[in-house]
Structure formats: structure tokens, C-alpha cells
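S.K.: Fold the following for me, if possible:
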Amino acid sequence: MKAVAKFGFGDKEVEIRDVPEPQMGPGQVMVEVKATGVCGSDVHMWRNMQSWEITLPLVLGHEFAGVIVDVGDNVSGWEIGDRVAVETAAEVCDACVYCLSGNYNLCPSRLGYGALADGSMTSYVAARPQILHRVPDNVPDEHAALTEPICVAYNALVEKTAMKPGDLVVIQGPGPIGIMALQIARIRGAGTLVVLGTDADAKRMEVAAELGADHTLNIQRDDPVALVESLGDGYGADLVIDATGVSKALQQSMDLVRPNGRITKIGWGPQALDFSLDPLVAKAVTLQGTFSHLYPTWERVLTLLSTGQVNLGPVIGGIYPLEDWEEAFESMEQGENVKSVLRLDA
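M.R.: Below you'll find the model as predicted:
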């Protein structure tokens with residue numbers, strides 16, 4: 001079967017290759033992939049700029065939805081023909097303190113699709129039933145495939161961050177996670193929403209405004225601190241969300257946040273810090289890291305999609321057949337699309 005595969009640790013060492021179909025174990029189902037989202041991390045791996053461990057050769061992709069086409073032995077509750085969205089934790093140990101406490105996203109033995117296990121930019125993926133979620137009838141495949149990045153934002157803003165209705169929230173970066181965070185923050189009752197971007201983010205900033213940002217600001221042209229200090233009581237943001245993956249954003253977030261405020265860091269970035277963290281102490285700020293998601297989050301996010309509370313219409317900039325994967329990647333890298341989606345049966 002055809003797959004978008006990373007075969008080397010060089011820039012653009014990704015291509016369509018023939019790969020064998022996965023083998024389904026006795027406790028698994030086989031999912032025929034219908035749609036898979038292009039994540040910023042896929043683009044990073046295409047350009048060999050990832051800051052996490054991966055195996056090679058590797059089928060990319062971890063945001064996907066499809067249809068069950070086979071059910072293994074010892075699997076109950078799932079049938080051929082069921083539409084499913086699939087979590088990213090392809091394998092966990094089920095025995096460590098994190099698995100046993102329900103925090104399997106932090107399992108030291110976790111193998112994620114599209115990183116340490118072959119992913120979804122291909123025709124078939126074998127999956128554990130524990131990570132399957134039924135897709136509501138009114139949610140199309142292209143939207144169901146983007147459940148995962150919404151879950152990343154939901155986990156960050158709902159499960160991990162003490163956010164209150166009326167908060168002044170600043171989101172650094174209008175990429176996929178920043179735009180998803182914007183929508184979750186709006187649902188949580190943010191009083192004022194500010195999205196920060198750069199020259200490259202012009203189209204994505206338009207999407208942010210369409211989806212409810214009260215202010216969008218290009219940090220290469222205007223001073224974000226001045227804007228934030230002009231809002232509310234002038235002491236700064238109650239919450240800053242770093243969705244950039246750029247370490248310098250943390251320095252900026254310390255300038256933007258109010259005393260006793262919160263910074264939640266979602267973005268990954270390999271750059272070393274070359275500045276002091278003393279402002280965190282001086283302002284008594286809470287700095288929160290957040291990673292991945294858990295089963296209940298997926299169920300809630302699929303409900304938000306089904307009820308229209310999360311709007312993916314402006315977010316999906318293009319739907320491409322698998323053979324046009326490079327165009328899909330380039331459109332995201334150039335800021336033309338917030339999200340590109342590959343349609344496997346196109």
C-alpha cells in the first residue's frame with residue numbers, strides 16, 4: 001500500500017513509498033483510513049526539524065479517522081463498518097504507575113503513531129480498541145480526523161489550566177493548536193481573546209478573527225505588551241498560551257502575564273533558553289506544561305464537533321489526495337492553510 005514515509009534524517013527526506021499492510025493482533029481492529037490531518041509536527045519531520053525521538057523508516061501521520069474493516073479475536077463492542085476516530089497512543093505498557101492511574105499519555109513505553117510507530121498517512125492502521133471513539137453521524141471524516149489537535153487544546157485549557165470565565169487570554173501563535181486553543185478558550189468563557197502572530201501568519205490571523213479573537217496583533221509590527229496592558233485593569237493577561245514551539249515565546253509570555261497569572265506551554269521547541277526565569281518568581285506566575293490527551297477528552301471533543309461548538313470550516317484550508325501530500329505540507333508551512341487534510345479515498 002502507498003504511504004507518506006520519512007526515510008532519512010535530512011531535509012525533505014520524505015516520499016510516497018510502498019509499505020506492507022500492518023498485521024492485526026488478536027486484541028486489535030483494522031481501520032481503513034478515510035482522512036488524516038497534517039500536523040505541524042509532520043511538517044517539522046519533513047524538514048527534519050523535529051525535537052522528539054522518532055524511528056526510521058516511518059509512515060507519518062497521527063490525526064486520523066476511518067472505518068473498521070476487520071475485528072480481531074478478544075475484541076468486543078466494535079463491528080466492521082463502525083466509523084472511528086483513533087487516539088495517538090498506538091502502544092502503552094498497561095503496567096506502569098501512569099497507565100494504572102489512567103495517565104497513559106505519560107507512559108514511558110508509549111509508542112505514538114507517526115513517531116515511534118507507523119502512522120496514518122496510508123490506507124490501513126491496526127489499533128487497540130481502548131483508543132477508538134465512535135464518530136457522530138453528522139461529523140464528516142475530514143473533521144473527525146482533526147479530533148486529536150482539538151484534544152491537545154482541550155487538555156491544555158480544560159484539564160490542566162485553571163482558567164475562569166472573563167479571563168484575559170493571550171494565545172501566542174495562530175497555527176493549528178493556537179486556533180484550536182482559541183476555540184476552547186472561547187467555549188470556556190474567556191472575556192477577551194488576543195492572538196499574536198508574525199508576518200507569515202496573515203491568513204491564519206484572519207481565521208483567528210473569524211473564530212472569535214477580539215484582537216490579533218503582528219508582533220513584528222506592533223508591541224503586544226502595550227496592547228495587553230491597555231486591556232482590562234492593565235496588569236496583564238490572566239493566561240498566556242504558548243502554542244508556538246519557539247523558546248523565545250516564553251520570554252515574551254513572562255512580559256505579558258499578570259502577577260499571579262498563568263502560562264501554559266503547549267508548543268515544542270529545541271532552542272535553548274538565553275534569558276532569566278526570574279520574572280516567574282517575581283510575579284508568582286504558574287508555568288504549566290501540557291502533553292497529549294486521554295480517553296474522556298476525546299469523547300467530549302467529539303460532542304463539541306457534533307454540536308457545532310468547535311468550527312472547523314475556516315480551519316481546513318485544503319483537502320488533498322495522498323499523492324498531493326507535498327502540496328498539503330507546503331501550504332501549511334507557508335501559512336496558507338491552518339490545517340491541510342489528506343483524503344485517502346480521493
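S.K.: For the stretch 1-150 of the chain, just list every one of the strands.
M.R.: According to DSSP state E, counting those that start in this stretch, the stretch 1-150 of the chain carries its strands in the segments 2-6, 14-18, 29-37, 58-59, 63-71, 83-86, 89-91, 111-112, 124-127, 132-134.
S.K.: Select, out of these, the one closest to residue 311.
M.R.: Shortest distance between residue 311 and these, using Cβ to Cβ, is found for strand 29-37: 15.6 Å. (C-beta placed from N, C-alpha, C; glycine too.)
S.K.: Could you check how far the residue most central in space within the chain is from residue 189?
M.R.: For the chain, residue 149 is the residue whose C-alpha lies nearest the centre (Cα atoms, centre = their mean; 2.9 Å). Remark: distance between residue 149 and residue 189 (Cβ to Cβ, to the nearest Å) = 21 Å.
S.K.: ok, now residue 78?
M.R.: Computed as Cβ to Cβ, the residue 78 to residue 189 distance reads 36 Å.
S.K.: Mind checking which of the two has more residues around it?
M.R.: The neighbour count for residue 78 versus residue 189, taken as other Cβ atoms under 10 Å, is higher for residue 78 (16 against 12).
S.K.: mind listing what the more buried one touches?
M.R.: 29, 68, 71, 84, 129, 132 (Cβ atoms under 8 Å, 6 or more residues apart in numbering).
S.K.: redo that, cut-off 10 Å
M.R.: 29, 68, 71, 72, 84, 127, 129, 132, 134 (Cβ atoms under 10 Å, 6 or more residues apart in numbering).
S.K.: Ok, residue 41 next?
M.R.: So residue 41 contacts 49-52, 54, 60-63, 112, 114-115, 176, 245, 268 (Cβ under 10 Å, 6+ apart).
S.K.: domains of this protein?
M.R.: 2-146+312-343, 151-289 (automatic domain parsing).
S.K.: Output those in TSV, with mean pLDDT appended to each entry.
M.R.: TSV is the format used below for the domains of the chain (pLDDT from 0 to 100):
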stretch	mean pLDDT
domain 2-146+312-343	97
domain 151-289	96
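S.K.: Stretch 193-206: end-to-end distance?
M.R.: 14 Å (Cα to Cα, to the nearest Å).
S.K.: distance between that stretch and the chain's centre?
M.R.: 18 Å (Cα atoms, centre = their mean, to the nearest Å).
S.K.: where do the helices sit along the protein?
M.R.: Secondary structure of the chain by DSSP state H: the helices cover 40-46, 97-100, 141-144, 147-154, 176-187, 202-210, 224-229, 248-256, 278-282, 295-306, 325-333.
S.K.: Out of those helices, which is closest to residue 4?
M.R.: Using Cβ to Cβ, these put helix 325-333 closest to residue 4, at 4.8 Å.
S.K.: Can you list the buried residues in the closest one?
M.R.: Residues of helix 325-333 classed as buried: 325, 328, 329, 331, 332, 333 (neighbour count, 16 or more other Cβ atoms under 10 Å).
S.K.: just to revisit the earlier point, take the contacts of residue 78 and write them to JSON lines, including distance to residue 44 and neighbour count.
M.R.: Formatted as JSON lines, the contacts of residue 78 follow (distance: Cβ to Cβ, whole Å; neighbours: other Cβ atoms under 10 Å):
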{"residue": "29", "distance to residue 44": "30", "neighbour count": "24"}
{"residue": "68", "distance to residue 44": "31", "neighbour count": "20"}
{"residue": "71", "distance to residue 44": "35", "neighbour count": "18"}
{"residue": "72", "distance to residue 44": "33", "neighbour count": "16"}
{"residue": "84", "distance to residue 44": "27", "neighbour count": "21"}
{"residue": "127", "distance to residue 44": "24", "neighbour count": "25"}
{"residue": "129", "distance to residue 44": "30", "neighbour count": "17"}
{"residue": "132", "distance to residue 44": "27", "neighbour count": "21"}
{"residue": "134", "distance to residue 44": "31", "neighbour count": "15"}
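S.K.: farthest-separated two in those?
M.R.: Once Cβ to Cβ is applied, the contacts of residue 78 give 72 and 134 as the farthest pair, at 18.2 Å.
S.K.: Please tabulate the strands of the stretch 1-150 of the chain in a markdown table, including the columns distance to residue 225.
M.R.: Formatted as a markdown table, the strands of the stretch 1-150 of the chain follow (distance: least, Cβ to Cβ, whole Å):
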| stretch | distance to residue 225 |
| --- | --- |
| strand 2-6 | 39 |
| strand 14-18 | 39 |
| strand 29-37 | 34 |
| strand 58-59 | 41 |
| strand 63-71 | 34 |
| strand 83-86 | 39 |
| strand 89-91 | 39 |
| strand 111-112 | 36 |
| strand 124-127 | 45 |
| strand 132-134 | 41 |
